[in-house]
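Asker: 3D model of this:
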Amino acid sequence: MNSDFNLFSSVKLGNYTLPNRMVMAPMTRLRANGTIPTELMGTYYAQRASAGLIITECTMVSPLSNGYMNCPGIYSPEQIEGWKLVTEAVHNKGGKIFLQLWHSGRVAHSALLDGELPVAPSAIAGQGQLHTTIGKVDLETPRALETKEIPEIVEQFRQGATNAMLAGFDGVELHGAFGYLIDQFLQDGSNQRTDKYGGTIPNRARFLLEVVAAVTDVSGGNCVGIKLSPSNTFYGMYDSDPLATFSYVMKALNDFNLAYVHLMEANAIDLANRDVINLVLPVFRDIYQGTIITNGDYDKQKGNTVIAAGDAELVSYGKLFLANPDLPKRFAVDAELNQPNPKTFYGRGDRDATVGYTDYPFLETTS
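Answerer: Numbers count the residues shown, from 1 in each chain. As a prediction, the model looks like this:
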């Protein structure tokens, strides 16, 4: 244990020195104007600029990567201009912000894709439902990508990283977790391919590593992170040997000099559904030699403990940052925390888009 390190100590992350080790986790909020980021989104993120690092919500790298209504993209000039409103607002408050690059893969529906089927490594449907323009629907069986199509998607991630830099982001995070496309290629429950992208662990990891290589080529690994969820079962995900699969990936990522790897712990549903890795961080801490951000229902005490132990360099907080824009200040003075309202987590619906988004009170405005 090293008591000199805690949530409030500075830390080197890639090219940056962050003032604290509290990360605002990426959270899907679905407040975009169609696929274009808005000034309101800039207000939301800027309110939380006291985080050591902000990671944005999942952001589409192409029209065919869409899985949700009012989810932002990063593939058009209009989207780049919209994101500039966000980065400028955050930077004006002294914050740092990474854009999360995302392809939904099979977690989509033709109603969201102008009638096209979702794409995936294999024609295996995920489990779950989505809200679409035709109502709530089951996930469709996707179309298996042809081998020749895969480099095109790798290039979409590369272009997404380029566009993120044009929009003023400090870096990007690849969404390799939660059952989306990168994760679908990696795990054998969703990847039954027989070409060079399927079968063995190195083959199934090929797409992930090609995307990492392409994106780090844009501005260097120091501006790139990746999010992984070795025990997550979202949308019916599973792997026959997650320890071997993710150990291979973590070892391979050592070669890229990344800003960080963002590791998700198993949640209660994961632990109840399948045989998964119960505690992710202790398994992979010794395998990956770089900076780790950990996420898994942390509070202030647990966050301080994991950092002091040297098990992770930073801790990401989701719902706590959602409801407490000034979370670092509240932790610092042990103030009472606002409680998040799950009914306003996603989308605009018929209500004012600010409700449950930018209207959570700061400490100085509470009574």
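
Asker: Contact partners for residue 242?
Answerer: Contact analysis of residue 242 by C-beta atoms under 8 Å, 6 or more residues apart in numbering lists 187, 230-231, 276-277. Every residue, glycine included, has its C-beta placed from N, CA and C.

Asker: May I see the buried residues of stretch 142-152?
Answerer: Using 16 or more other C-beta atoms under 10 Å as the test for burial, stretch 142-152 gives 142-145, 150.

Asker: same for the longest strand out of those in the chain, what does it pack against?
Answerer: Taking DSSP state E as the criterion, the chain has its longest strand at strand 53-60. Judged by 3 or more C-beta pairs under 8 Å, 6 or more residues apart in numbering; DSSP states H and E, strand 53-60 is in contact with strand 22-24, strand 97-102.

Asker: Next, the angle strand 97-102 makes with it.
Answerer: Using axes from the mean of the first three to the mean of the last three C-alpha atoms, to 10 degrees, one finds that strand 53-60 and strand 97-102 are set 30 degrees apart in direction.

Asker: CA atoms only: put the helix or strand following strand 53-60 into PDB for me.
Answerer: As assigned by DSSP states H and E, the chain's next helix or strand after strand 53-60 is helix 77-92. What follows is helix 77-92 as a C-alpha-only set of coordinates in PDB (Å, rounded to 0.1, in the frame of the first residue of the first chain):
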ATOM      1  CA  PRO A  77     -18.600  17.100 -41.100                       C
ATOM      2  CA  GLU A  78     -21.800  18.100 -39.200                       C
ATOM      3  CA  GLN A  79     -21.000  15.600 -36.400                       C
ATOM      4  CA  ILE A  80     -17.400  16.900 -36.200                       C
ATOM      5  CA  GLU A  81     -18.700  20.500 -35.800                       C
ATOM      6  CA  GLY A  82     -21.200  19.300 -33.200                       C
ATOM      7  CA  TRP A  83     -18.500  17.700 -31.200                       C
ATOM      8  CA  LYS A  84     -16.400  20.900 -31.300                       C
ATOM      9  CA  LEU A  85     -19.100  22.500 -29.200                       C
ATOM     10  CA  VAL A  86     -18.400  19.700 -26.600                       C
ATOM     11  CA  THR A  87     -14.600  19.800 -26.600                       C
ATOM     12  CA  GLU A  88     -14.500  23.600 -26.500                       C
ATOM     13  CA  ALA A  89     -16.900  23.700 -23.500                       C
ATOM     14  CA  VAL A  90     -14.900  21.100 -21.600                       C
ATOM     15  CA  HIS A  91     -11.500  22.700 -22.400                       C
ATOM     16  CA  ASN A  92     -12.800  26.100 -21.300                       C
END
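
Asker: hmm, back to that, can you name the two of the buried residues of stretch 142-152 that are farthest apart?
Answerer: Farthest-apart pair in these is 142 and 150; separation 14.0 Å (C-beta to C-beta).

Asker: Count the residues that sit near residue 289.
Answerer: Here the count is done by other C-beta atoms under 10 Å, and residue 289 has 11 residues near it.

Asker: these two touch, right, it and residue 253?
Answerer: No. Using C-beta atoms under 8 Å, residue 289 is not in contact with residue 253; the gap is 9.2 Å.

Asker: State the mean pLDDT of whichever strand or helix holds residue 331.
Answerer: Using DSSP H and E, residue 331 falls within helix 327-333. What helix 327-333 shows for mean pLDDT is 98.

Asker: Does anything pack onto it? Which helices or strands?
Answerer: In terms of contacts (3+ C-beta pairs under 8 Å, 6+ apart), helix 327-333 is packed against strand 22-24.

Asker: hmm, back to that, now the longest strand of the chain: buried residues?
Answerer: Buried-residue list, strand 53-60, by 16+ other C-beta under 10 Å: 53-60.

Asker: pLDDT on it, on average?
Answerer: Taken as a whole, strand 53-60 has a mean pLDDT of 98.

Asker: That strand vs helix 77-92, what angle?
Answerer: Counting by the same axes, to 10 degrees, strand 53-60 lies at 170 degrees to helix 77-92.

Asker: quick one: the strands in the protein?
Answerer: Remark: strands assigned in the chain by DSSP E are 11-13, 16-18, 22-24, 53-60, 97-102, 119-120, 129-132, 135-138, 143-144, 171-176, 224-228, 260-264, 292-295, 314-317.

Asker: What strands flank the second one, and is each parallel or antiparallel?
Answerer: In this case it means strand 16-18. strand 11-13 (antiparallel) (DSSP bridges).

Asker: No more questions from me, cheers.
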